[in-house]
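Colleague: Need coordinates for the below:
(2 chains)
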Amino acid sequence: MSKPKSKTEKIAAAKRDSLLDLLKTEGSKIYTDLDGGQFPHLYVPSRSVRNIVYDKKLRQYILGKAAGLRSSKNMAQLRSFTQLIWLAFFAKRLVNEKKSSTLRDIYYSSQAFEMDFEDQPESDNIIMDLEAVLARPREDFHIFPEERSSVFGDLTIEYTVPGYEGRRVNLSDHPDGYLIGPSLSSAELVDTSAELVIAIEKGGLFTRFVEEKVDKKFKAIIIDTTGQAPRSTRYLLKRLRDQMKIPVVILTDGDVYGEHIAMVIKSGSANAAHLRELTVPDAKWIGVWASDIEKYKLPTIPMTESDIKRIYDLQKDPRYQEGIWKKELEVFLKIKRKAELEAFSKYGLTNITDKYLPEKLELAKSL
Amino acid sequence: MATKEIFNQISPSEFFYRNRDLAGFSNPTRSLYTAVREFVENGLDACDQQGIFPDIHLTIKPVDAEKPDPKPYILTVKDNGPGMESKQIPMAFGTVLYGSKFGLKQARGMFGLGATMAILYGQITTNKPVTVVSSVDGKTQHEYVMMLDIQKNKPVIVKHSAKETNKKGLSVSIVLEGDYSKAGSKIRDYVSQTSLITPYATITFDDPKGDKFSYKRIVDLMPPSPTIIKPHPHGVDVETIRRMIVDTHYQIPTLDNNMIEKVRKELGLAKKNLNFDGIMAKAEKKWSSLSRPVRVIVALMSFLKMDFDKIMKIRIDDIDLAHKHLTYWDFGESKSIMVEMPKSSPYYKQLANTVHGETIATFLTKRFQRVGQATAVKFTEFAGLKAEKRIGSLSNDELVQLSDSLQKYEEFLAPDPSCLAPLGEEPLRKGINEFFNPDFAEVVQRSASAYSGFPFIIEMGIAYGGQIPGGKITTYRFANRIPLLYDEGSDVVLKVVNETDWSRYKVKNDAPLVIVSHICSTRIPYKTVGKENVADRPEIEKELRLALLFLARKLSAYMSKKGLAEIEKKRSNLYQKYLPLISQFATELAGKNKEPDYKKLIKDLNMNVETQK
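Modeller: Here you go, the predicted model:
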């Protein structure tokens, strides 16, 4: 490994080295077993629904203590055991060679090693197993999601990816925003004048916000979550909050799915219960609330059967038992109608940025 | 005595000595094996009866290791059972037909015959004594060195000593002619299979070659002890009934010198001679203190009107209560004489009760299991006999009629299975898992059933894959917790297994499959005296078949669920393919240059595959 030069590079190198150490430890155990004539095995924390519990203190879902033995001695597990070790081996190469990869890439890369994944869901599953074993998100071992969301605003970053090391970019230089991809995810956050992060559910509104200079008017970094925020986006939100100390607010459609998009940013998803680095516990959902629909007289659409069923489901979730989370679900259930962010256009294209946003930001201070 | 012919009476010891082939002591190979069995089973039975987890230690040592087989071996079996009272030891180990297992309940051995046979065999082949060491209290142990007097069926104590100990239990050591080179594999099989069916026991075996075989206890649960019960009406034949009747009523005492002396003594006339009337008067006075046989003799004398001198010269031939006739043979006059027995005489009733015993109804309720008064009365109607008739008064024809009817009458309750001690499903499952380390195992215990009045229970287990070698389906047969190793060809269990169409259950005939069958009964219907194969009684065959089909269906479900039949083929290929890959990845992950020595694992697997072919 080359000697780290700058501070940001040092941080990146330290993170990389700790992962490589972890991989080496797991690898050595297996090596020793094989050398001693033993069938190697691993314990994989169980990700089954029964082992997912809500942690009130962390305010997120985490895995319980159950772990499954995956042994190469067991015929039924031999293949998946090999796949898991292959993935660890492949991750080490990715990290060492500073190459990025996607879930789909992994599926195809495996074929060169005859790993016999039956389909991509199977390889995706092994990736989640490795995340659980190492307790590290897959982005750490350079496997990135394919969905890309974007970010815009006064934020200077410094790349750590090969060929760009040390190069700096300000994210307000391109009006379409910057893709939150592997390079940005692995970049160090250097400097910002922003005092707020606004995560917004839809690309169209993101563009409107850039046009209306919301970044300048509200000293904000604007992030397009493209619906349910991808993990790299949630990871960036967390870093902005933790490293740059900028509060995060979330703006979604006025429906039950929008409310849940905000909740996942705030406290994670059951799917990623094995990871703890993806939540922004003090992020605030500022709208569109069910109660806003009437207050701002927004044009509405009736809820579908599945919308209503979703409300009942979320009412069982321990995170929806208090505050606006509980209250808004009840209002949604009462009015049985929903409104999109674009609904504000009925009162003029800039109504949302001129009137609604400032009011809600003011209100958010008291949340 | 009665006849002029002279019979050469032989003692039981002598009888067995002459017929030792019957008991499994036909040659040095078989004898060594049989001796091991007899002592080990006695040890296990002793522990079972007391609810002690058995810890049996078996040692076979050659007297002279250099000599070729067959040669003398010292066979020692030590248990941690209750031991045996010091004074009982000479009788128990020094006489044939002495034992405590005469009741009707399930036990491994019968009558304690075999152990004495082994001792007898040892003595006639090596002329060495048997050594028995026993402690009943865990404080004092008694050691007896004994020989058997074969003709007199009596023990000859060579040495008896006592010393302190801290362990309860019994140890028996004999020297016998044996052939371990031929018997060894059977003995080792016997020990290991015994451990399979007795998972609550620890059994160790030190063999003559210095090898140690140790089978540790793997379950902490003892099957409940069986209870001793009365016979079931379906389970008796004419001869048994005759013997039971003899048992219940009092036999007419023989008029020999000993008997007469006893009568005189009880009447206080040992030294004094009185005439007939004097004797009768004396008897009347002393009646309440007289023993039963003496009362019977006095009753006889009252009808015969004889004094002691006269009565010693006759033999009672018949007591015909129906016609009130008493017939005797007078030796002096060499003729048969008949006298009247007036019913009015108080002695008539005494004699009648003694001769006739209980009523049929009482006999049935008291002497058989699960027969109540109502059933007994109904049965006598069915049999065409009178319920109040006394069993002693039954004619030969009536006896046969009774016996036949007992067999035919279908209203009797099923035999009481409380005299049985099956192992239980969980201990059997654990035993099988420990023993075969299979991929799949299932066990079943059928509920009790009966054949010919003998209750029985079938327990069966099936195990597939894992470390079981393929090639053929192996059946392990057990009866009352004894492994059956010889003569398997004609066994009913084998018949049932072989008649099963395994392809219907997705199993090939060469699959790595093991079947463990355990028949528990108060009487196992062995085909031969060697007690190694079970006869095909329809009731037993049916239960075996039901048990096996149940297990086969479970196996079939397992096979289809796992698609194991195909995976089996891929098995070794999979390891051949994946282990090198795991090894390669682990090497790079661990940052090593040299690959680990995983080939050992593959070699082990290959050996398994080869033995399966």
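Colleague: Would you map the helices across chain A?
Modeller: A:7-35, A:75-97, A:103-109, A:120-134, A:182-186, A:203-211, A:214-217, A:231-242, A:256-267, A:290-295, A:305-315, A:323-335, A:351, A:357-364 (DSSP state H).
Colleague: partner residues bridging the nearest residue to B:Val514 once chain neighbours are set aside?
Modeller: Using CB to CB, 6 or more residues apart in numbering or on different chains and skipping the chain neighbours, the partner closest in space to B:Val514 is B:Ala463 (4.6 Å). In short, each C-beta sits where N, CA and C put it, glycine included. Taking DSSP bridges as the rule, B:Ala463 bridges to B:Ala441, B:Val514.
Colleague: State the number of residues packed around B:Ala463.
Modeller: Neighbour count of B:Ala463, defined by other CB atoms under 10 Å in any protein chain shown: 28.
Colleague: Check the gap between whichever residue of chain A sits closest to chain B and A:Asp154 for me.
Modeller: When distances are taken as CB to the nearest CB, chain A reaches nearest to chain B at A:Gly27, 2.4 Å away. In this view, A:Gly27 and A:Asp154 are 44 Å apart by CB to CB, to the nearest Å.
Colleague: Flag every residue of chain B that's near chain A.
Modeller: B:562, B:567, B:571, B:574-575, B:577-579, B:581-592, B:596-598, B:600-601, B:604 (CB under 8 Å from any CB of the partner chain).
Colleague: Quick check: PyMOL command selecting the buried ones in those residues.
Modeller: Only the buried entries of these go into this PyMOL selection, using 16 or more other CB atoms under 10 Å in any protein chain shown:
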select buried, chain B and resi 562+571+574+575+578+579+581+582+583+584+585+586+587+588+589+590+596+598+601
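Colleague: Just the ones of the residues of chain B next to chain A in strands?
Modeller: Using DSSP state E to define strands, no part of these is located there.
Colleague: JSON lines for the helices of chain A, including mean pLDDT?
Modeller: Below are these laid out as JSON lines (pLDDT from 0 to 100):
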{"stretch": "helix A:7-35", "mean pLDDT": "85"}
{"stretch": "helix A:75-97", "mean pLDDT": "91"}
{"stretch": "helix A:103-109", "mean pLDDT": "89"}
{"stretch": "helix A:120-134", "mean pLDDT": "90"}
{"stretch": "helix A:182-186", "mean pLDDT": "88"}
{"stretch": "helix A:203-211", "mean pLDDT": "92"}
{"stretch": "helix A:214-217", "mean pLDDT": "94"}
{"stretch": "helix A:231-242", "mean pLDDT": "92"}
{"stretch": "helix A:256-267", "mean pLDDT": "93"}
{"stretch": "helix A:290-295", "mean pLDDT": "93"}
{"stretch": "helix A:305-315", "mean pLDDT": "91"}
{"stretch": "helix A:323-335", "mean pLDDT": "93"}
{"stretch": "helix A:351", "mean pLDDT": "91"}
{"stretch": "helix A:357-364", "mean pLDDT": "92"}
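Colleague: Keeping just the C-alphas, turn stretch B:573-593 into CSV.
Modeller: Provided in CSV are the C-alpha atoms of stretch B:573-593 (Å, rounded to 0.1, in the frame of the first residue of the first chain):
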residue,chain,number,x,y,z
ASN,B,573,-17.8,-34.2,-6.5
LEU,B,574,-19.0,-31.2,-4.5
TYR,B,575,-16.2,-31.4,-2.0
GLN,B,576,-13.7,-32.1,-4.7
LYS,B,577,-14.8,-28.9,-6.4
TYR,B,578,-15.4,-26.5,-3.5
LEU,B,579,-12.6,-27.4,-1.0
PRO,B,580,-9.8,-26.3,-3.3
LEU,B,581,-11.6,-23.1,-4.0
ILE,B,582,-12.2,-22.4,-0.3
SER,B,583,-8.5,-23.1,0.2
GLN,B,584,-7.5,-20.8,-2.5
PHE,B,585,-9.6,-17.9,-1.3
ALA,B,586,-8.6,-18.4,2.4
THR,B,587,-5.0,-18.4,1.4
GLU,B,588,-5.3,-15.0,-0.2
LEU,B,589,-7.5,-13.6,2.5
ALA,B,590,-5.0,-14.8,5.2
GLY,B,591,-2.1,-13.3,3.2
LYS,B,592,-0.3,-16.6,3.0
ASN,B,593,1.7,-17.9,0.1
